[in-house]
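K.L.:
Structure for the following, please:
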Amino acid sequence: MTRIRRTALLLLLTAAVALSTSTAALADYADTSTLTRAASVTTLTVAPPTKVSLGKTRCESNVDPVTGVTTTTMHARLDWNATTTTKGVTGYLVLVYLSDGSRYPYAQTNAATTALTGDYDASVATHNIRVSVVTLTSYRWTAESEMTKAISC
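P.N.:
Modelled structure (predicted):
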């Protein structure tokens, strides 16, 4: 009797599953529209500063009248033309390159600044220092200028 009950239960469950399974509904939908404006995609390029120059750097020597010691001061001036990038420029980073190839951040400016000045002992000119300027943006893209010629007195 147990076997008959199991068979009947199996047939009943099979029929219930077969009857409760529904087929996917069939539907058709159609709608048309015209494109009123052309879609476009633009890319952004970050441009480096141009005409980076230490050309207005000058050196001045002074002799101490008491000791007779001559000191030479380098009045360094770094100039550059602003980036042509129009969106998101936050400033510039000035990098200093030493003769061994190492580089160091020297100064960071705002976007309106395109020149820096400073006075140094002229002995720094013996280190073959070169400089570049990097455009900084709010979206963290950057572009580095070419390096200047070595600073000299």
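K.L.:
Which residue, neighbours along the chain excluded, lies closest to residue 131?
P.N.:
residue 148 (4.8 Å; Cβ to Cβ, 6 or more residues apart in numbering). For the C-beta atoms, the positions are set from N, CA and C on the backbone; glycine is no exception.
K.L.:
any residues touching stretch 115-127, and which ones?
P.N.:
59, 71-80, 94, 98-99, 107, 109, 150-153 (Cβ atoms under 8 Å, 6 or more residues apart in numbering).
K.L.:
can you tell me which of these are in strands?
P.N.:
In strands, judged by DSSP state E, the following of the contacts of stretch 115-127 are found: 59, 71-80, 94, 107, 109.
K.L.:
could you flag which of these are buried?
P.N.:
Buried subset of the ones in strands among the contacts of stretch 115-127 (neighbour count, 16 or more other Cβ atoms under 10 Å): 74, 76, 78, 79, 80, 94, 109.
K.L.:
doesn't residue 54 make contact with the first one?
P.N.:
No - taking contacts as Cβ atoms under 8 Å, residue 74 lies outside contact range of residue 54: 9.9 Å.
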